[in-house]
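Undergrad: Quick check, what structure comes out for this input:
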Amino acid sequence: MDFEHIRYRCTDGVARLTLHRPERLNAFNTAMHAELRTALDAVQADVSARVLVLGGAGRGFCAGQDLADAAVRFEPGGEPPDLGAVVERDYMPLVQRLAALRVPTLAAVHGVAAGAGATLALGCDIVVASRSASFVQAFCKIGLLPDTGGTWVLPQRVGMARALGLAMLGERLPAPQAADWGLIWAVYDDAVFSAEVDALAVRLASSPTRALVRTRQAMHAAARNTLEQQLALEAGCMRELGRSADYIEGVEAFIAKRPPRFRGD
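TA: Coordinates of the predicted model:
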């Protein structure tokens, strides 16, 4: 598919979606949001896709919302736009599509991930970053609060004290510290970052896709479930997955002492 503000391709089970407004540090505008929704719908419909890798072009991952975009721009002294409407129209559908995707998601962060760019990355199942990357919750610097799921994911990942510090101070969090805090999965040296991302994408693409997605769904549900509800959810997922072709293949491969060949179903 041809897009203006993103790049999308799917090869050998790996769907790659790259934010592509490098002259604006891949900041979001209304047109980019529309293209992202289309691309994520394409991943959902493409049975050959086994993992989504989300990245950014140029010198950084994403600087968040482009304040020059017509949807949020206003003149000094003028009436500001309804930001809630922008969130409902653009950011909510983006987060919801990502969270419901039928394949695991991998965010590959280099350079800066700021504002909605940071929270978009953190909405992926696994987040890795180059050593020189950084995360910034920049909302407080313009009188806002973290959106794109930021107030949901930050306390869960790093605890309330650190989540509030990040959101209220807006300080830059270097990637190694983000990994130490448990905000992201891993940090790789810049020189090998692309190769490490590719290897991880191939690994996920050859994994039991449905089992990974059920794992995401169960872990997200745990925050609102009692222990009894979570145990029942696990039982239901195990009933489903225990009848899958991938489970049969996994057991047969384990017994035969050979690598499994998962199909994703």
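Undergrad: Could you pull out the helices in the protein for me?
TA: Assigned by DSSP state H, the chain shows helices spanning 30-45, 83-86, 92-99, 116-122, 150-158, 160-169, 175-180, 193-205, 209-221, 227-241, 245-256.
Undergrad: Can you tell me what sits against the second one?
TA: Right, helix 83-86. The contact list for helix 83-86 (C-beta atoms under 8 Å, 6 or more residues apart in numbering) reads 71, 72, 144. Yep, even glycine has a C-beta here, placed from its N, CA and C like the rest.
Undergrad: quick revisit: looking at the helices of the chain, which one is packed in the most?
TA: Mean neighbour count (mean count of other C-beta atoms under 10 Å) peaks for helix 116-122 among those, with a mean of 27.
Undergrad: Check the offset of that helix from the chain's centre.
TA: A distance of 7 Å separates the centroid of the chain from that of helix 116-122, by C-alpha atoms, centre = their mean, to the nearest Å.
Undergrad: now swap in stretch 4-17 and tell me
TA: The answer for stretch 4-17 is 15 Å, by C-alpha atoms, centre = their mean.
Undergrad: For residue 191, give me the pLDDT.
TA: At residue 191, the pLDDT value in this model is 98.
Undergrad: repeat for the one 3 residues further on
TA: Reading off the per-residue confidence, residue 194 sits at a pLDDT of 98.
Undergrad: Next, the contact list for residue 144, please.
TA: Residue 144 sits next to residue 83 when contact means C-beta under 8 Å, 6+ apart.
Undergrad: Kindly provide the distance from it to residue 200.
TA: In this view, residue 144 and residue 200 are 33 Å apart by C-beta to C-beta, to the nearest Å.
Undergrad: Kindly report the same for residue 188.
TA: Residue 188 is 9 Å from residue 200, by C-beta to C-beta.
Undergrad: between these two, what contacts are shared?
TA: In terms of C-beta under 8 Å, 6+ apart, residue 188 and residue 200 are both contacted by the residues residue 128.
Undergrad: residue contacts, the residue nearest in space to the middle of the chain?
TA: Centroid-nearest residue in the chain, with C-alpha atoms, centre = their mean: residue 124, separated by 2.3 Å. Listed by C-beta under 8 Å, 6+ apart, the contact partners of residue 124 are 54, 98, 105, 106, 107.
Undergrad: before we move on, what about residue 217?
TA: When contacts are counted by C-beta under 8 Å, 6+ apart, residue 217 touches residue 237.
Undergrad: So for it, what's the pLDDT?
TA: The per-residue pLDDT reported for residue 217 equals 97.
Undergrad: same thing with residue 72?
TA: The predicted local confidence for residue 72 is 96.
Undergrad: tell me the domain boundaries of the chain?
TA: Following automatic domain parsing, one finds the domains of the chain at 6-205, 209-256.
Undergrad: Which one, of those domains, ends up nearest to residue 264?
TA: domain 209-256 (3.6 Å; C-beta to C-beta).
Undergrad: what distance separates the start and the end of that closest one?
TA: Distance between the boundary residues of domain 209-256 (C-alpha to C-alpha, to the nearest Å) amounts to 22 Å.
Undergrad: What segments of the stretch 1-150 of the chain are strands?
TA: Applying DSSP state E, counting those that start in this stretch to the stretch 1-150 of the chain gives strands spanning 6-11, 14-19, 51-56, 105-109, 112-114, 126-130, 134-136.
Undergrad: TSV for these, including distance to residue 66 and mean pLDDT?
TA: Converted to TSV, these look like this (distance: least, C-beta to C-beta, whole Å; pLDDT from 0 to 100):
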stretch	distance to residue 66	mean pLDDT
strand 6-11	14	98
strand 14-19	11	98
strand 51-56	14	98
strand 105-109	19	98
strand 112-114	12	98
strand 126-130	22	98
strand 134-136	16	98
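Undergrad: Let me have these in TSV, extended by mean neighbour count.
TA: Shown next, in TSV, are the strands of the stretch 1-150 of the chain (neighbours: other C-beta atoms under 10 Å):
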stretch	mean neighbour count
strand 6-11	17
strand 14-19	22
strand 51-56	26
strand 105-109	27
strand 112-114	27
strand 126-130	24
strand 134-136	23
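Undergrad: Which one, of those, ends up nearest to residue 224?
TA: Ranking the strands of the stretch 1-150 of the chain by proximity to residue 224 (C-beta to C-beta) places strand 105-109 first, at 21.1 Å.
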